[in-house]
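1. Got a predicted structure plus its sequence, pasted below:
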Amino acid sequence: MRSGVGSSRASSKKLPPTERLHPRADDLDLRSIGSVVRRLHDEDVVAVRAVRPALPAVTQAATAVANALRAGGRFLYVGAGTSGRLGVLDASECPPTFGSPPSQVQARIAGGRRALTRAVEGAEDDADAGASDVRAFDAGPLDVVCGISASSSTPYVRGALREAKRRGAHTVLVCCNPPKARADVDTLVLARTGPELVAGSTRLKAGTATKLILNAITTAAFVALGKVYRGRMVDVRPANAKLRARAARMVAELTHLPAPEASRLLEASGGEVKVAVAMHFTGLDARGARKRLQENGLRALGGPGRKGAHARSPRSPGR
């Protein structure tokens, strides 16, 4: 028995890291549920730590995305399985969080919409489909195309990145295994998460690390574009009751106005938090404040320090 286990572990080393047997997994099926949960949580910590060495590459990717969006380009995700779903998730969260147009951050998943809720057999093995999806994006030199592949070798993703490169887009590969061959991409973001407690189940810590990386890329890019002010999502679209309450609260907090006055200011701004705050800072109406925002940004209008941001006398919309 012991020699069989040793042989299994030796052969495992020939596999990509995420496919190998985890040294703490051999007795997993014998453990209590609480013990399994604790081991899974230990692996989550490993996932977080695995992202840190990749931060310079994450920074490079976020900078490329910010520059692309500033120039009128787009950020385009392509992925398969869990990786593809994480790309779709991140893209779908950008409009409500940052007030970005849905066209600005988009995602395609191998197998199409059906693959969001169920496995589509063979979809990830189709490199031509990846290239076709990039052509459907009409990706070009202004865009950033980000392939997501825990294995680093998914044919759908590699086909998409080759086509994106051919079209002159900036290419990014987010992965958890080192590519076997040199990755022909502009930015390689590699989080070495290693074996999963359930061998090959990259929805676990590889998925966690990937989610952290995608969060960082889009959030840092949109912060650089002025979509966040003093830790608040000031370009939020107040499309429901919760977001409307949040928008009014942000205006009150950033202007130090009483809640009723902040709500009136938000209404006069057309429901735009950033414009409402700029109206308060400048004393201008919505149109004038919006123009000043385009020229200077909210941080400049608010003054150099936090106290300076509240130094101007509030001017109600009716004055």
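-> Received it, and whenever you're ready, just let me know what you need.

2. quick one: contacts for residue 276?
-> By Cβ atoms under 8 Å, 6 or more residues apart in numbering, the residues touching residue 276 are 251, 255, 262, 265, 266, 268, 269. Yep, even glycine has a C-beta here, placed from its N, CA and C like the rest.

3. ok, and the closest non-adjacent residue to it?
-> residue 269 (3.8 Å; Cβ to Cβ, 6 or more residues apart in numbering).

4. what does residue 211 give?
-> Nearest non-adjacent residue to residue 211 (Cβ to Cβ, 6+ apart): residue 86, at 5.6 Å.

5. Thought residue 212 was touching that neighbour, still the case?
-> No. Between residue 86 and residue 212 there is no contact under Cβ atoms under 8 Å: 10.2 Å.

6. Show me which of those two is the more surrounded one.
-> Each of residue 86 and residue 212 has its neighbours counted (other Cβ atoms under 10 Å); residue 86 has more, 25 against 18.

7. ok, then the element right after the lowest-mean-pLDDT helix or strand in the chain?
-> In the chain, the helix or strand scored least confidently by mean pLDDT, DSSP states H and E is helix 2-12, which has a mean of 51. Next along the chain after helix 2-12, taking DSSP states H and E as the criterion, comes helix 33-51.

8. is it true that residue 171 touches residue 185?
-> Yes. Between residue 171 and residue 185 there is a contact under Cβ under 8 Å: 4.2 Å.

9. quick one: low-confidence ranges for the stretch 101-250 of the chain?
-> Counting by pLDDT under 70, the stretch 101-250 of the chain has no low-confidence residues at all.

10. where along it do the helices fall?
-> Listed in chain order, the helices found in the stretch 101-250 of the chain under DSSP state H, counting those that start in this stretch are 127-137, 155-166, 205-224, 241-255.

11. any idea how far residue 173 lies from residue 119?
-> 23 Å (Cβ to Cβ, to the nearest Å).

12. So the two - more neighbours on which side?
-> residue 173 (24 against 12).

13. Can you give me every residue that contacts the more buried one?
-> Residue 173 sits in contact with 146, 147, 149, 152, 157, 161, 179, 183, 185, 187, 188, 189, where contact means Cβ under 8 Å, 6+ apart.

14. Dig out what the second one forms beta bridges with.
-> With beta bridges defined as DSSP bridges, residue 147 has these partners: residue 78, residue 173.

15. For burial, what's the neighbour tally of the residue lying closest to residue 131 once chain neighbours are set aside?
-> Sequence neighbours aside, residue 163 is the residue nearest to residue 131 in space, at 3.8 Å (criterion: Cβ to Cβ, 6+ apart). For residue 163, the count of nearby residues is 23 (other Cβ under 10 Å).

16. for residue 258, same thing?
-> 11.

17. isn't it right next to residue 251, touching?
-> No. Using Cβ under 8 Å, residue 258 makes no contact with residue 251, being 10.9 Å away.

18. got the phi/psi numbers for residue 22?
-> As for residue 22, its main-chain torsions (degrees, to the nearest 10) stand at phi -80, psi 140.

19. hang on, it packs against residue 199?
-> Yes. Counting by Cβ under 8 Å, residue 22 touches residue 199, with 6.8 Å between them.

20. more crowded one of the two?
-> Regarding residue 22 and residue 199, a neighbour count based on other Cβ under 10 Å identifies residue 22 as having more, with 18 against 14.

21. ok, so what distance separates that one from residue 189?
-> Residue 22 is 23 Å from residue 189, by Cβ to Cβ.

22. again, but for residue 80
-> Distance from residue 80 to residue 189, by Cβ to Cβ: 17 Å.

23. Those two: which is more packed in?
-> The neighbour count for residue 80 versus residue 189, taken as other Cβ under 10 Å, is higher for residue 80 (31 against 27).

24. Against residue 155, how distant is that one?
-> If you go by Cβ to Cβ, the gap between residue 80 and residue 155 works out to 9 Å.

25. Mind listing the shared neighbours of the two?
-> residue 124.

26. Cool, thanks, signing off.
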